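Novice: got a predicted model here, sequence first, then my questions.
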Amino acid sequence: MSLFDLITKLPGVGEKRALVLKQLGIRTIEDLLTYYPYRYDDLASRLPSQTDDGQKVTFKGTISSPALLLRFGYKKSRVSFHLLVGHDNIAVSFFNQPWIKEQIELGQEMAVFGVFDAVHASLSGQKIIHADNDSLAAIYPASQSIHEKTIQQLVAHAYQQYADEIVEIVPADLRQTFRLLPRVQQIHDMHFPDSAQAAKLARRSAAFEEFFLFQMRIQLLKISSAKHQGRQINYDAAVIENFIAQLPYQLTHAQEKVIQEVLSDLKRPLHMNRLLQGDVGSGKTIVAAVAMLASISAGFQAAIMVPTEILAQQHASNLSNLYENAGLHLRVELLTSGLKAAARRQVLQDLENGEIDVIVGTHALIQPDVRFHHLGLAVIDEQHRFGVKQRATLRKQAENPDILAMTATPIPRTLAITAYGEMTISTIDELPQGRQKIITKWVKSNQTDHVFDWIKGQLAKGAQAYVVTPLIEESESLDVQNAELIYDRLKSELLPYRVSLLHGRLTNDEKQQVIDDFSNNKTQVLVTTTVIEVGVDIKNATIMVILDADRFGIAQLHQLRGRVGRGDKQSYAILVSDPKTQYGIDRMEAIAATTDGFVLAEKDLELRGPGDVIGIKQAGMPEFNVGDPIHDLKMMETAQQSAIEITSRENWDTDKNNAGLVKYLSLTMYRYKDFD
Ligand SMILES: Nc1ncnc2c1ncn2[C@@H]1O[C@H](COP(=O)(O)OP(=O)(O)OP(=O)(O)O)[C@@H](O)[C@H]1O
């Protein structure tokens, strides 16, 4: 008998029920015993005077009127009677449970659980409480196919049969330091607490256990990927130095620091899995360019995967220029789905033969027929745009190259420890010199004419402007129509300046043409839907107008604004919107108040809660049963330190004190295969 017995070992659990349970993530007895309730109903009885209106409560008293059964139509019914609780005569009603009537006898003692209505001194009964103890009833997350009560019963069974098998997992010294309950008591009190206090203590121990196991797994994954899949990239330091020396600008300290971090990772025989976060416009591309050059100088290829075709083209041409200007003759190729069949075949062939040094691509890079000669480094740009699966595919396909993921959507510090636990984080926390703060203004839509007049004045001084049209999520065609309307209007109003239009319905070549024209100042105003959101880098564009800005989230607005202020000229962002909710107003004010993406990320988290913050789901943010990684950040940090400390000890995995932990981890790694 073991906690890792399949759930079908329990009486009453056949194949069918096992399948239903599996959907709740319950496969083994252990899974069931750690399927914890999300709340408890307090069944301890109270007096009406101690109870708030609308509260769930148990009243215990004497039945003071005979039961009356009313039927409405075929299925509906109401049983009503009075219960004398202390000095209050409470009107109790049970809906659609006609059989209750049989249990009601005048003068008898009874305890009823239900929802209290203080105004009418009545109780809407949910159940009659038979057991006469003061206890809490565990309420479990159930599903359509399995009732909460069934789960209660299964848990009770499992506990009865398997309590003796519950052994300690968290090592004794940690349990002592953090005053954790013995595991068997923790599990007991989670499901069958005697008091709210007992439940609370059990929850604390269970949360620590959950965080600690999570952090242990992350450490193990780090250790194992470092041990087995390393790739030593012995780059040529002179090549790198020379390249950096030829750049038209001085690297910022932050860029230098981050480049050093990446280079020393590459040189180590360990596998690199690094996340580079840096605010919009902070200069991440050059870091990627250096890292890729390092890989190439050591005889490997390098790849960079980006979310859109426009971005792929831009990166390919930037990288070519950067290398070319430094006198390096590297072959940089583009692999996107827009490529013609023959051209694609050629690229694939050359890639496999090792004739291509750098491949820049979209999702097209992770198609099954893409094979590398010897990929040393894969860069993933805007990594939150790719799912865990896609990132894994790239790694597998290329025999586990070193990974440098980049993001301009900073994740709040409070979430990073959990979401990116398995990655090492580098941060560019400084913008290139000479950048001026983008002046951001929020105006109401009745100011739109003013805004357009003002743009015209700025165009006369040589500026260029983006005008982003409202995002209409429900319909792409409305989205495009809208952009066309604005385009038509501005085309005539802004004469003699030239206006162009960019939206998702254009072909890739058309899009590229529009971007090129704007980039070369052939057009001065670019009316666009959100196609341009990420990465577009045109220095002379200094004005960003976002219409109906309240349709966008904070992260997206920040990304959009980041398209300007990329050179040394004063830039402006104008948010035009009439938000109808406080949340909308809060977002406008937040964006107008700061241009710091890290501050905004925290604000976003505060305004929306963790579930919604952009990119978190995709970032592989794991879900926790008991602990709340944001609320219990301190505990998560402690768990992380403990896991690092344990795994760095010599022979920790054969140490007797860790036997329970080691066994548990070896039997449960399957749950975390997604990280692989
Ligand atoms: N140290 C530097 N000094 C001056 N300009 C720089 C420096 N580093 C990068 N730049 C320039 O700043 C601009 C923005 O850099 P880059 O495109 O790499 O930003 P990014 O971090 O990728 O931003 P985003 O996420 O918004 O795309 C580019 O035009 C680049 O040439």
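Specialist: Yes, it's here. Numbering: from 1, shown residues only.
Novice: for the record, mean pLDDT for stretch 206-225?
Specialist: Summarised as a single mean, pLDDT over stretch 206-225 is 84.
Novice: what's the local residue count around the residue of the stretch 101-250 of the chain found nearest the ligand?
Specialist: Relative to the ligand, the nearest point of the stretch 101-250 of the chain is Y249 (3.6 Å; C-beta to the nearest ligand atom). In short, each C-beta sits where N, CA and C put it, glycine included. Residues near Y249, counting by other C-beta atoms under 10 Å, number 11.
Novice: tell me the SS of it?
Specialist: Three-state assignment for Y249 (DSSP: H, G, I helix; E, B strand; the rest coil): coil.
Novice: that one: what's it in contact with?
Specialist: P432 (C-beta atoms under 8 Å, 6 or more residues apart in numbering).
Novice: give me that answer again for 10 Å
Specialist: 255, 283, 286, 432-434 (C-beta atoms under 10 Å, 6 or more residues apart in numbering).
Novice: filter the residues you listed down to the buried ones, PyMOL style.
Specialist: Of the contacts of Y249, the buried ones can be selected in PyMOL as follows, counting by 16 or more other C-beta atoms under 10 Å:
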select buried, resi 255+283+286+432
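Novice: out of the contacts of Y249, who's near the ligand?
Specialist: Checked against the ligand using C-beta under 6 Å from any ligand atom, these give the following subset in range: 255, 283, 286, 432.
Novice: next, format the contacts of Y249 as CSV and append secondary structure and pLDDT.
Specialist: Below are these laid out as CSV (DSSP: H, G, I helix; E, B strand; the rest coil; pLDDT from 0 to 100):
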residue, secondary structure, pLDDT
Q255, helix, 95
G283, coil, 90
I286, helix, 94
P432, coil, 86
Q433, coil, 84
G434, coil, 78
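Novice: list just the nearest of the contacts of Y249 to Q103.
Specialist: For those, the residue nearest Q103 by C-beta to C-beta is G283; the value is 74.5 Å.
Novice: quick one: the closest one from M406, how far?
Specialist: According to C-beta to C-beta, to the nearest Å, G283 and M406 sit 11 Å apart.
Novice: and the strands in the stretch 1-150 of the chain, which stretches?
Specialist: 39-42, 45-46, 56-63, 68-72, 76-85, 88-95, 109-117, 122-129, 136-139 (DSSP state E, counting those that start in this stretch).
Novice: for V239, which three-state class applies?
Specialist: Going by three-state DSSP, the state assigned to V239 is helix.
Novice: ok, the residue nearest to it when sequence neighbours are not counted - contacts?
Specialist: Residue nearest to V239 in three dimensions, not counting chain neighbours: S297, with 4.4 Å by C-beta to C-beta, 6 or more residues apart in numbering. Taking C-beta under 10 Å, 6+ apart as the contact definition, S297 lies against 233-240, 243, 328, 357, 376.
Novice: E105 too?
Specialist: With contact set as C-beta under 10 Å, 6+ apart, E105 has these partners: 63, 66-67, 81.
Novice: now stretch 3-15: buried residues?
Specialist: Those would be 3, 5, 7, 10, 13, for stretch 3-15 by 16+ other C-beta under 10 Å.
Novice: end-to-end on that stretch?
Specialist: 19 Å (C-alpha to C-alpha, to the nearest Å).
Novice: residues from the protein in reach of the ligand?
Specialist: 249-252, 255, 278, 280-286, 408, 432, 535, 537, 539, 562, 566.
Novice: buried members of these into PyMOL, please.
Specialist: What follows is the PyMOL syntax selecting those of the residues of the chain next to the ligand that are buried according to 16+ other C-beta under 10 Å:
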select buried, resi 251+252+255+278+280+281+282+283+284+285+286+408+432+535+537+562+566
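Novice: OK, contacts around the closest residue to Q108 other than its chain neighbours?
Specialist: The spatial neighbour of Q108 that comes closest, neighbours along the chain excluded (C-beta to C-beta, 6+ apart), is I63 at 5.1 Å. Counting by C-beta under 10 Å, 6+ apart, I63 touches 81-84, 92, 103-110, 112.
Novice: export those residues to TSV and tack on pLDDT?
Specialist: TSV is the format used below for those (pLDDT from 0 to 100):
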residue	pLDDT
F81	96
H82	96
L83	95
L84	94
V92	96
Q103	89
I104	92
E105	92
L106	91
G107	91
Q108	91
E109	89
M110	90
V112	92
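Novice: confirm that G327 sits in a helix.
Specialist: No: under three-state DSSP, G327 sits outside any helix and is assigned coil.
Novice: quick one, grab the pLDDT at it.
Specialist: Looking at G327, the pLDDT reads 90.
Novice: repeat that for V545.
Specialist: On pLDDT, V545 comes in at 93.
Novice: from A364, how far off is it?
Specialist: For V545, the distance to A364 - C-beta to C-beta - is 33 Å.
Novice: quick one, which of the two is more surrounded?
Specialist: Shown here are V545 and A364; by other C-beta under 10 Å, V545 has more neighbours (26 against 19).
Novice: wait, the more buried one touches V451, no?
Specialist: Yes: using C-beta atoms under 10 Å, V545 is in contact with V451, at 6.2 Å.
Novice: got any residues that touch both of these two?
Specialist: 443, 467, 574, 576.
Novice: which helix in this protein has the most residues?
Specialist: helix 196-228 (DSSP state H).
Novice: next, the contact list for the closest residue to L502 other than its chain neighbours, please.
Specialist: Once flanking residues are discounted, L502 sits nearest to T528: 4.1 Å by C-beta to C-beta, 6+ apart. By C-beta under 10 Å, 6+ apart, the residues touching T528 are 466-469, 483, 486-487, 500-504, 511, 514-515, 518, 536, 560, 563.
Novice: just the buried subset of those residues, please.
Specialist: Counted by 16+ other C-beta under 10 Å, those give 466-469, 483, 486-487, 500-503, 511, 514-515, 518, 536, 560, 563 as buried.
Novice: sorry, back to before: dump the contacts of E105 into JSON lines; add distance to A392 as well.
Specialist: Compiled in JSON lines, the contacts of E105 are given as follows (distance: C-beta to C-beta, whole Å):
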{"residue": "I63", "distance to A392": "63"}
{"residue": "P66", "distance to A392": "68"}
{"residue": "A67", "distance to A392": "62"}
{"residue": "F81", "distance to A392": "62"}
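Novice: and which of those residues is nearest Q570?
Specialist: Looking across the contacts of E105 and measuring by C-beta to C-beta, the closest to Q570 is F81, at 76.9 Å.
Novice: distance of that closest one from L106?
Specialist: For F81, the distance to L106 - C-beta to C-beta - is 9 Å.
Novice: repeat that for Q458.
Specialist: From Q458 to L106 the distance is 86 Å (C-beta to C-beta).
Novice: the two: who's more crowded?
Specialist: Counted by other C-beta under 10 Å, Q458 and L106 do not tie: Q458 has more neighbours, with 16 against 12.
Novice: test my guess that that one contacts A541.
Specialist: No: shown here, Q458 and A541 do not form a contact pair, counting by C-beta under 10 Å, at 11.0 Å.
Novice: overlap in contacts, these two.
Specialist: Common contact partners of Q458 and A541 (C-beta under 10 Å, 6+ apart): 464-465, 524.
Novice: now do Q556, the pLDDT please.
Specialist: If you check Q556, the pLDDT there is 84.
Novice: also E476?
Specialist: On the pLDDT scale, E476 gets 64.
Novice: re earlier: who touches both of F81 and L106?
Specialist: Counting by C-beta under 10 Å, 6+ apart, the residues touching both F81 and L106 are 63-67.
Novice: for those, which one is nearest K22?
Specialist: A67 (43.0 Å).
Novice: neighbours of the closest residue to that closest one other than its chain neighbours, how many?
Specialist: Leaving aside its chain neighbours, A67 sits nearest to I104 (3.7 Å; criterion: C-beta to C-beta, 6+ apart). For I104, the neighbour count with other C-beta under 10 Å is 22.
Novice: can I get the contacts of S297 in JSON lines including neighbour count and distance to Q570?
Specialist: Output for those, formatted as JSON lines (neighbours: other C-beta atoms under 10 Å; distance: C-beta to C-beta, whole Å):
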{"residue": "I233", "neighbour count": "25", "distance to Q570": "42"}
{"residue": "N234", "neighbour count": "13", "distance to Q570": "45"}
{"residue": "Y235", "neighbour count": "23", "distance to Q570": "39"}
{"residue": "D236", "neighbour count": "14", "distance to Q570": "41"}
{"residue": "A237", "neighbour count": "12", "distance to Q570": "39"}
{"residue": "A238", "neighbour count": "9", "distance to Q570": "40"}
{"residue": "V239", "neighbour count": "16", "distance to Q570": "38"}
{"residue": "I240", "neighbour count": "17", "distance to Q570": "34"}
{"residue": "F243", "neighbour count": "21", "distance to Q570": "31"}
{"residue": "L328", "neighbour count": "17", "distance to Q570": "35"}
{"residue": "D357", "neighbour count": "21", "distance to Q570": "39"}
{"residue": "G376", "neighbour count": "26", "distance to Q570": "41"}
